[in-house]
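Student: I need the structure of the sequence given here:
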Amino acid sequence: MDRTHVYLPNRGLIGALLIANMLMAARLSFSIKPLVRSSSYPPISPEHFPKSRPCPLWSSSFSFCLQKLHRSPTCPSVAPFSSHCSAPSMASSPQSTPEVNPLLQDFDFPPFDAVKADHVIPGIRTILSQLESDLTELESKVEPSWPKLVEPLEKIQDKLIVAWGVVNHLKSVKDSPELRSAIEEVQPDKVKFMLRLGQSKPFYNAFKAIQESPEWPTLSDAQKRIVESQIKEAVLQGVSLEDDKKEHFNKIQQELEKLSQKFEENVLDATKKFGKLITDKKEIEGLPATALGLAAQTAVSKGHENATAENGPWMITLDAPSYLSVMQHARNRSLRKEVCHAYVTRASSGDLDNTEIIDQILKLRLEKAKLLGYNNYAEVSMATKMATVGKAEGLLEKLRSASWDAAVQDMEDLKNFSKSQGAAEADDLSHWDLNFWSERLRESKYDINESIVWLLSKWRKGNEKYSNDSMNYSKAEFLHAKLIKNGFASIQGNHMLSLNVKSQILNKHIRCMKEFQKRCLLMAVLISGFARNGFSIDVLEWEELRPFFSLPKVMDGLFSLAQMLFGIDIEPADGLAPVWNSDVRFYCVKDSTGSPIAYFYFDPYSRPSEKRGGAWMDEVVARSRALSRDGTKARLPIAHMVCNQTPPVGNKPSLMTFREVETVFHEFGHALQHMLTKQDEGLVSGIRGIEWDAVELPSQFMENWCYHRDTLMSIAKHYETGETLPEDVYLKLLAARTFRAGSLSLRQIKFATVDLELHSKYVPGGSETIYDVDQRVSKRTQVIPPLPEDRFLCSFSHIFAGGYAAGYYSYKWAEVLSADAFSAFEDAGLDDKKAVEETGKKFRETILALGGGKAPLEVFVEFRGREPSPEALLRHNGLLSVTASA
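Tutor: The predicted model follows:
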């Protein structure tokens with residue numbers, strides 16, 4: 001088999017000869033390799049009701065409190081939380097026998113640990129039967145008043161939202177063929193009921209009567225929004241259609257549900273299907289220790305029980321942590337090509353081919369739009385969003401124009417750098433080269449390794465009298481330091497040398513430096529120790545900063561930030577609610593008085609065999625006055641956050657990349673909006689009722705805090721030593737934030753533009769195929785066009801199996817809102833704690849508290865004092881002064 005390895009220029013042992021100079025030069029300059037804000041995980045968003053909130057593509061939890069007696073626990077039964085953390089204000093669940101279907105029980109927390117595939121069909125059908133009866137009764141006596149229409153309707157909807165949410169969530173995190181089959185069988189019943197509910201003429205007329213009544217001016221903003229939304233949604237659900245057209249509309253809806261589910265299943269199966277077992281370590285040279293550990297762990301799970309990170313074998317998959325590591329770090333170009341090709345052609349051949357499914361989805365969506373009187377499906381989508389098709393296209397073009405020249409320069413930089421490194425492919429870089437050479441260029445610009453950071457911090461600590469000089473190093477000193485560092489790599493990388501011989505080599509060249517001899521030898525021993533533990537000093541990338549971002553420390557810092565900004569406390573409440581996997585954590589959110597105001601689950605780790613990729617947040621239950629158990633206190637909101645980061649390996653905690661840190665902050669922003677709502681009207685509380693293109697505001701807003709010095713330093717602690725990330729490393733990280741910003745911006749713009757094109761201009765069965773559209777759009781949004789065989793659309797779950805059809809632009813739209821919102825904190829002064837707290841309070845009282853009870857533009861103006869501007873986003877991305885020529 002022909003293998004093409006990319007070897008960086010041979011550095012030799014010259015660095016070893018200069019190691020003594022390194023230790024004398026207290027004024028060494030080590031710069032950091034930036035963590036790109038590029039492609040996070042390729043998220044997948046199934047047809048939730050309501051939709052889950054996944055992360056953007058590559059830019060990106062509960063149970064019925066059973067205990068042993070199937071009883072919902074109260075605080076006294078959970079000793080650590082008995083003083084404050086109790087179940088939400090719902091009645092305790094009655095005891096049940098094992099024969100009782102857990103979906104049918106009256107629970108405080110959904111029975112995630114008890115629901116099995118064989119519960120789904122009888123449970124959901126029983127619930128639908130009861131709700132059908134309730135619906136018929138309500139229609140027969142409906143009155144245009146809040147107590148006689150809205151509140152009973154909310155209760156009907158909520159019952160199905162919660163039950164279906166349990167089932168659909170389990171499919172996302174604990175998938176099985178049996179569960180899929182059960183959902184597939186009962187899903188048409190669910191769709192039929194939802195259409196029956198959405199097309200109810202008595203309800204539609206009653207809502208219109210409320211809108212036209214003399215009492216309309218007396219309703220709150222939230223109540224008016226509910227009425228207006230219900231009327232609009234009824235129209236979009238076909239309430240005004242004639243019987244024959246309504247029947248056709250309903251058939252379309254049923255078929256779209258089936259197609260979306262099948263699309264998602266094909267993506268998951270195609271992702272799971274690929275697995276490359278590697279036994280020769282040369283094949284995976286360059287992969288960092290965490291990736292090797294994960295690959296060995298995956299191999300163990302596939303039956304290779306003796307697999308180790310050091311000796312293999314290693315299993316490479318298309319799951320995000322594995323895929324990204326190969327594309328960014330594998331020196332074996334043939335391996336990168338193979339994995340890249342497998343990834344961009346997922347679900348595009350054989351029994352898992354999504355091509356025909358996409359055509360059918362687009363055809364049916366267009367038919368649906370025509371039935372409703374719209375020109376295309378994009379107009380249907382925009383009917384419930386802030387933007388119009390024209391405004392969305394206008395924003396995308398403005399951002400494209402601002403990003404183009406920067407992206408062109410990014411590509412030139414890659415070509416020039418790879419050529420300077422002797423890469424044979426420098427003049428013909430392909431898609432499997434871009435991430436790899438981007439990482440190498442970033443290393444060159446911001447060159448540091450976490451092992452060196454840690455060793456240097458330890459060395460400085462013991463040699464303070466030598467390390468008090470200014471940190472302003474000359475270029476010559478910087479280059480000198482790189483040679484020295486490469487010497488470390490040469491010695492460490494020679495596996496033929498024993499620890500003693502390595503120490504002897506170092507000792508030989510530091511005899512003239514008696515003052516530093518012991519410390520030099522110590523560093524040599526430490527370096528060799530890192531090698532024995534899987535660290536590779538010659539792998540110089542951001543990946544190796546993972547030891548500074550352990551999950552427990554990141555969560556502690558995130559919760560501290562939430563306390564400062566929003567005045568809340570978050571406490572572990574494990575055991576209060578059952579969970580679907582032992583890795584899942586459960587938390588209680590309290591206000592400043594110590595009273596619980598919300599709860600949430602956190603499922604952090606990748607489980608490729610049963611859990612879909614990506615990261616998302618969704619509701620479990622929403623805050624609601626109508627669903628209060630005692631009639632006084634509103635039911636408290638509950639959320640779940642799900643990520644797919646690298647799990648713990650051996651005795652190490654989960655060590656995160658910086659992008660994984662950003663992802664956790666992102667999903668927590670969604671959760672905060674759901675949990676800190678003050679809306680008591682359940683239909684617009686939390687994330688409910690918020691226009692889709694505004695819902696990413698709080699999530700993207702929270703990402704900004706990852707670059708805030710105090711926040712980052714509070715979480716960036718070495719998991720073994722407690723050492724804080726050095727200040728100069730932080731400064732380089734901050735400076736690197738805009739690395740390849742033009743290219744990354746264009747990537748998101750391409751996704752959004754293809755989405756709009758397919759849903760506004762594409763004609764199913766016409767002269768252009770979906771892949772022709774992708775190629776055409778790419779000519780103006782990508783410096784390098786897609787591969788001819790690229791079939792990314794076949795795994796574009798956001799728009800074909802989620803809620804982002806004709807809505808992917810929402811990520812960029814919300815980026816404008818979130819960047820402008822964060823600029824309010826910048827204007828107040830990020831170093832002014834009091835000003836930050838005051839601004840945070842205002843953010844909580846507006847963006848987070850008002851939910852869907854007020855138009856998002858009005859909410860933004862209430863917080864910011866003016867309408868949003870894209871200036872802050874372009875400034876944060878370093879694109880303000882760039883002009884385009886394309």
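Student: name the spans of the chain whose pLDDT lies under the cut-off.
Tutor: Judged by pLDDT under 70, the chain has its weakly predicted residues at 1-99, 447-544, 881-886.
Student: ok, longest strand in it?
Tutor: strand 596-605 (DSSP state E).
Student: so what does that strand touch, helix or strand wise?
Tutor: Here strand 596-605 touches strand 585-590, strand 638-645, helix 658-675, going by 3 or more C-beta pairs under 8 Å, 6 or more residues apart in numbering; DSSP states H and E. Heads up, the C-betas are built off the backbone N, CA and C, glycines and all.
Student: the strands in the stretch 51-200 of the chain, which residues?
Tutor: With strands called from DSSP state E, counting those that start in this stretch, the stretch 51-200 of the chain shows them at 53-54.
Student: ok so, going back, just after the longest strand of the chain, pick out the following helix or strand.
Tutor: Next helix or strand after strand 596-605 toward the C-terminus (DSSP states H and E): strand 616-621.
Student: hang on, the earlier thing: can I get the helices and strands packed on strand 596-605 in a markdown table including mean neighbour count and distance to Ala383?
Tutor: A markdown table is the format used below for the helices and strands packed on strand 596-605 (neighbours: other C-beta atoms under 10 Å; distance: least, C-beta to C-beta, whole Å):
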| stretch | mean neighbour count | distance to Ala383 |
| --- | --- | --- |
| strand 585-590 | 22 | 34 |
| strand 638-645 | 27 | 27 |
| helix 658-675 | 26 | 23 |
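Student: looking at those, which is nearest to Ser322?
Tutor: Nearest to Ser322 among those is strand 638-645; the distance by C-beta to C-beta comes to 10.8 Å.
Student: elements contacting that closest one?
Tutor: Strand 638-645 is packed against helix 151-173, helix 320-329, strand 596-605, strand 616-621, helix 658-675, with contacts defined by 3+ C-beta pairs under 8 Å, 6+ apart.
Student: strands paired with it, and their directions?
Tutor: Each strand that strand 638-645 pairs with, and the sense of that pairing, follows from DSSP bridges: strand 596-605 (parallel), strand 616-621 (antiparallel).
Student: send over it as CSV, restricted to the C-alpha atoms.
Tutor: The C-alpha coordinates for strand 638-645 follow below in CSV (Å, rounded to 0.1, in the frame of the first residue of the first chain):
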residue,chain,number,x,y,z
ILE,A,638,-35.5,21.4,33.6
ALA,A,639,-33.0,21.1,30.7
HIS,A,640,-30.4,18.8,29.5
MET,A,641,-27.0,19.5,27.9
VAL,A,642,-25.3,16.9,25.7
CYS,A,643,-21.8,17.0,24.3
ASN,A,644,-19.5,14.5,22.6
GLN,A,645,-16.1,15.3,24.0
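Student: chain center to it: distance?
Tutor: Strand 638-645 sits 9 Å away from the centroid of its parent chain (C-alpha atoms, centre = their mean, to the nearest Å).
Student: same question for stretch 814-830.
Tutor: Between the centre of stretch 814-830 and the centre of its chain there are 21 Å (C-alpha atoms, centre = their mean).
Student: now what about it, what contacts it?
Tutor: With contact meaning C-beta atoms under 8 Å, 6 or more residues apart in numbering, stretch 814-830 is reached by 395, 693-701, 703-704, 708, 835-836, 838-840, 843, 847, 856, 860, 863-864, 868-873, 875-876.
Student: three-state assignment of Leu712?
Tutor: Leu712 falls in the helix class when you classify it by DSSP: H, G, I helix; E, B strand; the rest coil.
Student: wait, it sits on Tyr730?
Tutor: Yes: Leu712 sits in contact with Tyr730 when judged by C-beta atoms under 8 Å, with a separation of 6.2 Å.
Student: which one's more surrounded, these two?
Tutor: Neighbours around Leu712 and Tyr730, counted as other C-beta atoms under 10 Å, are more numerous at Leu712. The numbers are 21 against 17.
Student: contacts only, for the more buried one.
Tutor: Leu712 touches Cys706, Leu725, Tyr730, Leu733, counting by C-beta under 8 Å, 6+ apart.
Student: wait, which of those residues is closest to Arg546?
Tutor: Arg546 has its nearest neighbour among those in Leu725, at 11.8 Å by C-beta to C-beta.
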